[in-house]
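J.: what's the 3D shape of this:
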Amino acid sequence: MRLSRLTLDRLPEAVKKPNYDPAQVSVGIVHLGIGAFHRAHQAVFTDSILAEDVSWGISGVSLRSPDTRDALEPQDGLYTLKIQDGEGEQLQVVGSIVELLCAPEEPEAVLRRMADPATRIVSLTITEKGYCHNPATGTLDEAHPDVVHDLANPQRPRSAIGFIVEALARREAAGIAPFTLLCCDNLPSNGHVLKRVVRRFAELRDPVLAALADRLSCPSTMVDRIVPATTDSDREGIATALGLEDAWPIMTEPFQQWVIEDDFPRGRPAWEKAGAVFVDDVAVFEMMKLRLLNGSHSTLAYLGYLAGAETVAEAMALPGMEVLIEGLMREEATPTLPPLPGFDLAAYRADLLRRFRNPRLRHRTWQIAMDGSQKLPQRLLGTIRDRLRAGAGYERLALGVAAWMRYARGFDERGREIDVRDPHTARIAALVQDIVEPEQIVDAYLTMRDVFDADLAGSDPFRLALVKALTRLFGQGSAATLRAYA
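T.: Next up, the predicted model:
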């Protein structure tokens, strides 16, 4: 028997259930990118406040695959959240997603929902690559195939940006105020980046739409929760615990954080009652998370994968890894952060190390390693740029970048093929696959101006640091390189 509204009363008492009637919830938010992170984070915050206001339900939109819709639609959008760490676990059924749409199959239904007056917020978790932008500059990639398609076919968009601008055009034509755009991806100044690419796309369509985009509210956010991919073993365990089948449960950790700039002209849910923090400027929190958590996460993922560690916890157990990551955060990343009055950075770093060690959270290094060409500018390269300007060292950060270069070539240390998932996989292969000398490999990567801007690519100290790190990885291997930090 399947989890659904009709079977909620069959759940064991220990399972936390919605404290409202899911059938009474209406859509107030359209979320683009209805993946695991959203369902472990924003959907959970929203679930917590629906007992007070059922008008904030979520219409979840998949921009690529129908898999999430096909899994959750028979369950009335319900799914199980398993929160776990070394001390135990808690199961919770989340009911805030009340509609599921697949954009490639039903673009008109998505546009109608986004243009509906009841939709007051459109939020996004589409990963860095979903913004069709140049990560090094934060500007729209006007040659991106989806951008080119959407400008030529505005009624049948493919990209999130195309859907947003067409929905805004329809609202304007109908005399409906714009929705608030809420970016929840790991991009520096994510609200500003989103507004910039939306405005430029709108300008390419119609100058009148560009003026409309100028008036958009796009508050920046900082989000944090570790969410591994769900496995068949996870599904089996949840089915046993519930006595019901759940086609797509979500695994996560107890920690969750959401910092949001409070700029919502058409209203918002009372997320602060669920633990969200509203601020005037999120930039300092965002930088802290990108440089301490995300930069460390990527570094340990590439080095850990190359050393044979399947999960983050296994990578943290490698001799030297925790010392390396702690030093990266404390000595190299923290000095680049602006002041955070009243915030205990030492405690935050210790908390991150504890989270990375969580043995119950099987967060795969391969999963974190995805889309490195899009992630590195925000997670590592910005920190390195600041260290260069300060004349300070960045050996560990450079090792993280070199580990990506080693990983992205597509072969591990035993010569086995790596399933590299990156928008530029083919391009990287063409650049470096047949090169064996570390210096030549580094030089080839540095020609990628959408990853390494001209200042970094032209920096001799940066180049030499990468060559040194990559030479160590090729000559000694990742595990031996890490042991030098033990």
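
J.: Next, Glu108: phi, psi?
T.: Per-residue torsions, Glu108: phi -70, psi -40 (degrees, to the nearest 10).

J.: The stretch 51-200 of the chain: helices as residue ranges?
T.: Per DSSP state H, counting those that start in this stretch, the stretch 51-200 of the chain has helices spanning 67-72, 107-115, 145-152, 160-173, 190-205. These are given in chain order.

J.: What is the first one packed up against?
T.: By that I understand helix 67-72. On a contact count with 3 or more Cβ pairs under 8 Å, 6 or more residues apart in numbering; DSSP states H and E, helix 67-72 meets strand 57-62, strand 97-102. The way it works is simple: take the backbone N, C-alpha and C, and place the C-beta from them, glycine included.

J.: list the buried ones in it?
T.: Using 16 or more other Cβ atoms under 10 Å as the burial criterion, the residues of helix 67-72 that qualify are Thr68, Arg69, Ala71, Leu72.

J.: quick one: that helix to chain centroid distance?
T.: 20 Å (Cα atoms, centre = their mean, to the nearest Å).

J.: what comes into contact with that helix?
T.: Ile34, Gly35, Gly60, Ser62, Leu78, Tyr79, Ile97, Leu100, Leu101, Cys102, Ala247, Trp248 (Cβ atoms under 8 Å, 6 or more residues apart in numbering).

J.: Spatially, which two of those are the most separated?
T.: Leu78 and Cys102 (18.3 Å; Cβ to Cβ).

J.: before we move on, back to that, go through the helices of the stretch 51-200 of the chain and name the closest to Arg463.
T.: Comparing those by Cβ to Cβ, helix 190-205 comes nearest, at 27.6 Å.

J.: Next, the angle from that closest one to helix 145-152.
T.: 50 degrees (axes from the mean of the first three to the mean of the last three Cα atoms, to 10 degrees).

J.: What is helix 190-205 packed up against?
T.: Secondary-structure packing of helix 190-205 (3+ Cβ pairs under 8 Å, 6+ apart): strand 133-134, strand 139-140, helix 145-152, helix 160-173, strand 180-183, helix 207-214.

J.: Retrieve the pLDDT associated with Tyr79.
T.: The model reports Tyr79 with a pLDDT of 98.

J.: Please read the previous query as pertaining to Ile97.
T.: On pLDDT, Ile97 comes in at 98.

J.: quick one, what contacts Leu300?
T.: Contacts of Leu300 by Cβ under 8 Å, 6+ apart are Val312, Ala315, Met316, Met321, Leu324, Ile325, Phe356, Thr365.

J.: correction: Thr334
T.: Contact analysis of Thr334 by Cβ under 8 Å, 6+ apart lists Leu292, Leu345, Arg349.

J.: are any of these buried, and which?
T.: Among the contacts of Thr334, those buried by neighbour count (16+ other Cβ under 10 Å) are Leu292, Arg349.

J.: Return the member of the contacts of Thr334 nearest to Arg472.
T.: Using Cβ to Cβ, the contacts of Thr334 come closest to Arg472 at Leu292, 24.1 Å.

J.: Just confirm the closest one is within a helix.
T.: Yes. Counting by DSSP: H, G, I helix; E, B strand; the rest coil, Leu292 is found in a helix.

J.: Point out the other elements, helices or strands, that the strand or helix carrying Ile325 touches.
T.: Under the criterion of DSSP states H and E, Ile325 resides in helix 321-327. Helix 321-327 is packed against helix 295-306, helix 312-316, helix 345-356, helix 395-408, with contacts defined by 3+ Cβ pairs under 8 Å, 6+ apart.

J.: Go through those and name the closest to Arg266.
T.: Here helix 345-356 is closest among the helices and strands packed on helix 321-327 (Cβ to Cβ), at 33.5 Å.

J.: That closest one vs helix 295-306, what angle?
T.: Going by the same axes, to 10 degrees, helix 345-356 makes 30 degrees with helix 295-306.

J.: so how far is the next helix or strand after helix 345-356 off the chain centroid?
T.: Going down the chain from helix 345-356, the next helix or strand is helix 365-368, by DSSP H and E. How far helix 365-368 lies from its chain's middle: 12 Å, per Cα atoms, centre = their mean.

J.: again with stretch 277-284
T.: The answer for stretch 277-284 is 18 Å, by Cα atoms, centre = their mean.

J.: Just say helix, strand or coil for Val451.
T.: coil.

J.: Near it, how many other residues are there?
T.: Per other Cβ atoms under 10 Å, the neighbour tally for Val451 reads 24.

J.: which residue sits closest to Gly477, ignoring its sequence neighbours?
T.: Once flanking residues are discounted, Gly477 sits nearest to Glu413: 5.3 Å by Cβ to Cβ, 6 or more residues apart in numbering.

J.: State the distance from the one you found to Glu52.
T.: 54 Å (Cβ to Cβ, to the nearest Å).

J.: tell me which residues of the helix holding Ile325 are tucked away?
T.: Met321, Glu322, Leu324, Ile325, Glu326.

J.: Angles on the backbone of the closest residue to the first one other than its chain neighbours, please.
T.: Going back to what we said before, that points to Met321. Here the nearest residue to Met321 in space, its sequence neighbours aside, is Leu482; by Cβ to Cβ, 6+ apart that works out to 5.4 Å. Main-chain torsions, Leu482, degrees, to the nearest 10: phi -70, psi -40.

J.: My guess is Leu482 contacts Glu322. True?
T.: No. Leu482 sits out of contact with Glu322 when judged by Cβ atoms under 8 Å, with a separation of 9.7 Å.

J.: In the helix or strand that contains Glu439, which residues are buried?
T.: Assigned by DSSP H and E, Glu439 belongs to helix 438-445. Under the neighbour-count criterion of 16+ other Cβ under 10 Å, helix 438-445 has Pro438, Ile441, Val442, Asp443, Ala444, Tyr445 buried.

J.: before we move on, what about stretch 134-144?
T.: For stretch 134-144, the neighbour count (16+ other Cβ under 10 Å) marks Asn134, Pro135, Ala136, Gly138, Leu140, Asp141, His144 as buried.

J.: Quick check: the gap between Arg112 and Arg69.
T.: From Arg112 to Arg69 the distance is 16 Å (Cβ to Cβ).

J.: likewise Ala274?
T.: Distance from Ala274 to Arg69, by Cβ to Cβ: 26 Å.

J.: And for Asp47?
T.: Going from Asp47 to Arg69 by Cβ to Cβ gives 19 Å.

J.: for Glu13, same thing?
T.: Glu13 sits 31 Å away from Arg69, going by Cβ to Cβ.

J.: and what of Thr125?
T.: Taking Cβ to Cβ, one finds Thr125 at 16 Å from Arg69.

J.: Please apply the same query to Ile384.
T.: Distance from Ile384 to Arg69, by Cβ to Cβ: 41 Å.

J.: Over to Arg414?
T.: 39 Å.

J.: got it, and Lys17?
T.: 23 Å.

J.: So if we follow the domain assignment, how does this structure break up?
T.: Following the TED database, one gets these domains for the chain: 8-280, 283-484.

J.: Using TSV, please lay out the ones you listed together with distance to Arg2.
T.: TSV is the format used below for the domains of the chain (distance: least, Cβ to Cβ, whole Å):
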stretch	distance to Arg2
domain 8-280	5
domain 283-484	25
